[in-house]
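*Asks:* Got a sequence here, can you build the structure:
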Amino acid sequence: MRFLRSLSCAILVFGAIMIAGIVVPRSLRSADTTERAGSPYRILVLSNPIHTDVAVPVGDDVLTRFGFLRNAGLDIGDGGVRYIVFGWGGRSFYTQTPTWADLKVMPVARSLTLDSSVMHVSIAGDIPLDHPAVTAFNVSVGHFEHLLAFIDGSFSRGSEGPVPLIGSAYGDDDAFFEAEGHFNAFMGCNTWTAAALRQAGLTSGWWSPLPWMLRLSLWLHNPPEAFGPQGAR
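*Replies:* Numbering: from 1, shown residues only. Presented below is the predicted three-dimensional model:
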C-alpha cells in the first residue's frame, strides 16, 4: 500500500512538472509581431512520436554557411533541394535506429542515461505544409540569422571544420556529424529544437522533452501570425 501511494505521488509530481514545462513560457529572443510582419522566411518543424527536426529553406545564405555539408556527400546545391533538415540527438540511438524495426536495447539504454551527441542533416524537396507532422513558422531576417548561427554552432569542429561520421548515414540524402554537448532523456533532441526555435524569435514552454509537449507549447505561447502559411494555425 505504501508503495502504491509513493508511486501515485511520483506520477502526480511528474505530471505537474510536465504541465508546467508546457504552460510556463521560455523566450530567448523577442517574438515581436511588428518585426514578424512580412517575414520573408518560413521554417518548418518536422515531428514524429519521439523526435523533431528543423527544416530551413535553401538560399544563398544557407548554401554559403553550410557549404561544408558537401564534404559529407550532400548535394545541397541541387536544383531540386528546397530544404535542409537539421536534428540533434544521441549518437547511439540516432545512428543505429534508422527505422523502428532497427530498435535495439543498448542504444535505448544509452539514450536514457548519457550519450555523446551528433547532428543529423538531410536534404529535401518540397515538403507538404498541410501534413500533420509539419508545423510552419514565419521568421524575420534577423531571427533567421540567429537560427542559422545556433544550428551552425551545434556542430563540433576539428582542424578542418565540422567532422562527418563516415558510414553512419541512413541513405544518399543524409549525413551525421559530430556535435556539441551531451544527450540525455531530459535534455535531448526536442529541447534542442526548442532552443533553436527560441533563437528564431519563438516562445516555447520551459521544458519540452517530447514532440507533443513542444508543439503544444508553441501553439500556446505564440501569436497566430507566427504560424504559416499565411499566419494560419
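
*Asks:* What segments of the chain are helices?
*Replies:* With DSSP state H applied, the chain shows helices at 2-23, 33-36, 60-65, 91-96, 105-112, 141-153, 189-199, 211-221, listed in chain order.

*Asks:* Out of those, point me to the one whose mean pLDDT is lowest.
*Replies:* Taking the mean pLDDT of each of those, the lowest value is held by helix 33-36, a mean of 50.

*Asks:* what number of residues lie near Asp78?
*Replies:* Using other Cβ atoms under 10 Å, Asp78 has 11 neighbouring residues. (Glycine included, C-beta is placed from N, CA and C.)

*Asks:* Burial check on Ile123, number of neighbours?
*Replies:* Residue crowding around Ile123 was assessed by other Cβ under 10 Å; the count is 22.

*Asks:* Val134 now?
*Replies:* Neighbours of Val134 under the rule other Cβ under 10 Å: 14.

*Asks:* hang on, isn't it packed against Ala124?
*Replies:* No - taking Cβ atoms under 8 Å as the definition, Val134 is not a contact partner of Ala124, at 11.0 Å.

*Asks:* Could you give the separation of stretch 197-214 from the chain centroid?
*Replies:* On the basis of Cα atoms, centre = their mean, to the nearest Å, stretch 197-214 is displaced by 9 Å from the centre of the chain it belongs to.

*Asks:* Start and end of it, how far apart?
*Replies:* Its first and final residues considered, stretch 197-214 spans 10 Å by Cα to Cα, to the nearest Å.

*Asks:* Give me the most central residue, this protein.
*Replies:* Centre of the chain computed as the mean C-alpha position; nearest residue by Cα atoms, centre = their mean is Thr193, 3.1 Å away.

*Asks:* for that residue, what are its contacts?
*Replies:* Val45, Thr52, Asp53, Val54, Gly87, Trp88, Leu214 (Cβ atoms under 8 Å, 6 or more residues apart in numbering).

*Asks:* Now the residues you listed in JSON lines, please, with extra columns for distance to Glu225 and neighbour count.
*Replies:* JSON lines is the format used below for the contacts of Thr193 (distance: Cβ to Cβ, whole Å; neighbours: other Cβ atoms under 10 Å):
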{"residue": "Val45", "distance to Glu225": "17", "neighbour count": "23"}
{"residue": "Thr52", "distance to Glu225": "22", "neighbour count": "26"}
{"residue": "Asp53", "distance to Glu225": "23", "neighbour count": "23"}
{"residue": "Val54", "distance to Glu225": "20", "neighbour count": "23"}
{"residue": "Gly87", "distance to Glu225": "26", "neighbour count": "26"}
{"residue": "Trp88", "distance to Glu225": "28", "neighbour count": "28"}
{"residue": "Leu214", "distance to Glu225": "20", "neighbour count": "26"}
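
*Asks:* And those, which is closest to Phe150?
*Replies:* For Phe150, the nearest member of the contacts of Thr193 is Val54. The distance, counting by Cβ to Cβ, is 9.5 Å.
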